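J.: For reference, the sequence and a predicted model appear below.
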Amino acid sequence: MALRGDTILTHPTYNKGTGFPLSERKEFGLTGRLPYRVNTLDEQCHRAYDQLKTRDTPIRKNTFLQSLKDQNWVLYYSLIQRHLKELIPIIYTPTQGDAIANYSHLFRRSEGMFLTYPHEDSMEQDFLEQTRGRDIQLFVVSDAEAILGIGDQGVGIATAKSAIYTLVGGINPTKAVSVALDVGTDNEELLKDDLYVGWPQKRVRGADYDRFVDKFVQLVRKHYPHSLLHFEDFGVSNAKRLLDLYHDQHAVFNDDVQGTGAVALAAVMSAVGVTKTRLADQRFLIYGAGSAGLGIARQLRDGVVKIDGVSASDAKRGFYILDRHGLVKESLGQFIRAGQEEFARPDAEWAGVPTDGNGEVGLLEVVKKVKPTIMIGCSTKAGAFTEEVVREMAKHVERPLIMPLSNPDRLVEVKPSLANDWTEGRALMATGSPFPPCRQPNGKEYIIAECNNALIYPGLGFGAMITEARTVTDTMIIAGAQRLASLAPALRDPDLPLLPDFADAPMVNFEIAVAVAEQAIDEGTAGVPWKKGEVRERVKAAQWQPVYRDFVYDPNGAR
Ligand SMILES: NC(=O)C1=CN([C@@H]2O[C@H](COP(=O)(O)OP(=O)(O)OC[C@H]3O[C@@H](n4cnc5c(N)ncnc54)[C@H](O)[C@@H]3O)[C@@H](O)[C@H]2O)C=CC1
Ligand SMILES: CC(=O)C(=O)O
Ligand SMILES: [Mg+2]
């Protein structure tokens, strides 16, 4: 390394603070810049945790951790790794939503790459300034149109997704870049805010938007052909469309569509293990058919086909999708959005069912008629699963599976404690953000599984990256979901949660990465010439750990 003095201390990749040993302090001109005592990483974590505890609200803790990340990556990741379950909700949902909503006001220092529409002409230069000479394996890109359930946040960048790749998936943070595509915002509050740091114009849409995104994707393909391109929190009109557009060109992955679909499939597989039924026996109701809802519907349908060997058209019959205009049925015509049409129900099936004044069939009526065994919410409509709806569902099903997946926690379709009461403790549940356990009438505690894509995407992504997969296939995703489901505590004891605990997310995602990599090798999408038998060791060896590495002065090294 050729850096010296303050340049090292202000570089979060290299900074060790008081952790620099004396030999390195002398070699890099740090002796006079640091107090005498050399601390171990343990001691530094201890001190940082004590400081963190003095912050009294989640958002203050989030800001503290962001500041730590700006200073010292090893310390940041090491601290969170030691308190993973406690601190993930601080750096991720639900707190990160608030942090992003206040991004411009909390702003201290930029992180990641900003590609802004009015600077389109210099995009390649801006891109290379940050990536040149680096071995980038992962781009996490967002245009922030649908951030973590709180809508359009303009330039609010989702860096937490990249941090979780490192914490849970073991990806070296120097090999990952978060990218904000700033194409403006339709959020009036941001546009009116003098402190807003993004480009204060209405969102660019249509051909201009597509050209801008394409320019970025082509840069990734040109300079990093073996990287994984992870799309996060794009709006519903772009998420699936962009995924389909680039699916055959590069290893692309949309977390809200595919990651959410995969984790939901794992939770459902776990639940059918508890109820000793088959996926193909279920009646699925999905409330909120946007990026996540439709991603889940497709993934579950593909799961029914692959796992239970049912034809695609038979599998589809078990799905009932609702959106703003109630049940998606054929006569909704122009109100059926792209991607919803394949799940539209024939009108004849609904003859005689009460509708509102516009001929729309509401949630309660659908529940009454269909008697769903599984009800999933991805609508951001807080409280949509009312007492009447939940009680009606539970009348017909012994162990109803209720998954209010909307984030953040204040937007859940039903609070788990209420669903638990209304079903006399019979409901199997999983939520998108963490919730406290419920008490069942028999006195037992029921732990609510966290069904968040973060429980699976780091492993899915790592498995694809490490094998230099040319494309991320549906079968790779299903392999990851099956491995996750196989680790579900509920399969050992039906009273246990439907998914592994977040504290175990690193172990779980290691297994997922192995399953995905093995599948990539099996099906020939892998770009590396590995045998399946060596995957486990390869994944283990490639995982980055937050520990201090020894530095040696090298005038030709990193600057
Ligand atoms: N648990 C997890 O891993 C994930 C959770 N989510 C959460 O799911 C929610 C939706 O996210 P996206 O699908 O990305 O957003 P989206 O905007 O693409 O989809 C939301 C859908 O809900 C519909 N909707 C809105 N109000 C409704 C109402 N009153 N009744 C019925 N439908 C209604 C919208 O028309 C839209 O189709 C967010 O809260 C997000 O945070 C998203 C991705 C992953
Ligand atoms: C979890 C996630 O990706 C979301 O809420 O958008
Ligand atoms: Mg998301």
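T.: That came through fine. Numbering: from 1, shown residues only. Ligands and ions are numbered 1, 2, ... in the order given.
J.: Tell me how many other residues surround the residue nearest to Val236 when sequence neighbours are not counted.
T.: Excluding its sequence neighbours, the residue lying closest to Val236 (Cβ to Cβ, 6 or more residues apart in numbering) is Gly290, at 4.3 Å. Glycine gets a C-beta too; all of them are placed from N, C-alpha and C. By the criterion of other Cβ atoms under 10 Å, Gly290 has 23 neighbours.
J.: cool, and Arg60?
T.: 14.
J.: now it: how far from Ala158?
T.: 20 Å (Cβ to Cβ, to the nearest Å).
J.: the strands in the stretch 251-400 of the chain, which residues?
T.: Using DSSP state E, counting those that start in this stretch, the strands of the stretch 251-400 of the chain run over 251-254, 284-287, 319-323, 326-327, 374-377.
J.: helices and strands around the longest one, which ones?
T.: For strand 319-323, the contact count by 3 or more Cβ pairs under 8 Å, 6 or more residues apart in numbering; DSSP states H and E identifies strand 284-287, helix 291-308, helix 363-370 as packing neighbours.
J.: so which of those comes closest to Glu111?
T.: helix 291-308 (24.6 Å; Cβ to Cβ).
J.: Of all the residues in the closest one, which ones are buried?
T.: 291-307 (16 or more other Cβ atoms under 10 Å).
J.: Then stretch 403-413?
T.: Here stretch 403-413 shows Met403, Pro404, Leu405, Ser406, Asn407, Pro408, Asp409, Leu411, Val412, Glu413 as buried, counting by 16+ other Cβ under 10 Å.
J.: Please report the distance of the residue nearest to Val236 from ligand 3.
T.: Distance, Gly290 to ligand 3, using Cβ to the ion, to the nearest Å: 11 Å.
J.: Would you mind giving me the confidence score for that residue?
T.: Predicted confidence (pLDDT) for Gly290: 94.
J.: what's it in contact with, if anything?
T.: If you count contacts by Cβ atoms under 8 Å, 6 or more residues apart in numbering, Gly290 has them with Ala146, Val236, Asp323, Cys378, Ser379.
J.: Now Val197. Nearest residue, chain neighbours left out?
T.: Ser104 (4.6 Å).
J.: actually Gly273, sorry about that
T.: Per Cβ to Cβ, 6+ apart, closest to Gly273 is Leu491, 4.9 Å.
J.: Okay, the one you found and Glu450: tell me how far apart.
T.: 17 Å.
J.: between these two, who's got more neighbours?
T.: Glu450 (27 against 15).
J.: Who is that one paired with across the strands?
T.: Thr431 (DSSP bridges).
J.: show me the contacts for it.
T.: Per Cβ under 8 Å, 6+ apart, neighbours of Glu450: Ala430, Thr431, Gly432, Ser433, Pro434, Leu499, Phe502.
J.: Next one: the closest residue to ligand 1 within the chain from Ala239, what distance?
T.: Residue nearest to ligand 1 within the chain (Cβ to the nearest ligand atom): Gly290, separated by 1.8 Å. Gly290 sits 8 Å away from Ala239, going by Cβ to Cβ.
J.: cool, Pro408 as well?
T.: For Pro408, the distance to Ala239 - Cβ to Cβ - is 19 Å.
J.: quick one: Val179 is in a helix?
T.: No. Secondary structure of Val179 (DSSP: H, G, I helix; E, B strand; the rest coil): strand, not part of a helix.
J.: Based on its surroundings, how many neighbours for it?
T.: Counted with other Cβ under 10 Å, Val179 comes out at 24.
J.: how much space is there between it and ligand 3?
T.: 15 Å.
J.: residues touching that residue, list them.
T.: Gly112, Met113, Phe114, Leu115, Phe139, Val140, Val141, Ser142, Phe216.
J.: per-residue confidence for it?
T.: 97.
J.: got it, and Arg4?
T.: pLDDT at Arg4 comes out at 88.
J.: ok, now Arg108?
T.: 88.
J.: Quick check, it in contact with Asp70.
T.: Yes. Counting by Cβ atoms under 8 Å, Arg108 touches Asp70, with 7.0 Å between them.
J.: what's the overlap in contacts for these two?
T.: With Cβ under 8 Å, 6+ apart, Arg108 and Asp70 have no common neighbours.
J.: Of these two, which one has the most company?
T.: For Arg108 and Asp70, the more surrounded residue by other Cβ under 10 Å is Asp70, and the numbers stand at 16 against 9.
J.: Just the element for the more buried one, please.
T.: helix 58-71 (DSSP states H and E).
J.: care to break the protein down by domain?
T.: Using automatic domain parsing, the domain parsing of the chain gives 5-96, 97-249, 258-454.
J.: on that earlier part again, can you list the strands of the stretch 251-400 of the chain in a markdown table and add mean neighbour count and distance to Tyr196?
T.: Converted to a markdown table, those look like this (neighbours: other Cβ atoms under 10 Å; distance: least, Cβ to Cβ, whole Å):
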| stretch | mean neighbour count | distance to Tyr196 |
| --- | --- | --- |
| strand 251-254 | 26 | 27 |
| strand 284-287 | 26 | 33 |
| strand 319-323 | 24 | 31 |
| strand 326-327 | 22 | 36 |
| strand 374-377 | 28 | 31 |
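J.: Of those strands, give the one that comes closest to Asn358.
T.: It is, among these and with distance given as Cβ to Cβ, strand 326-327, at 8.5 Å.
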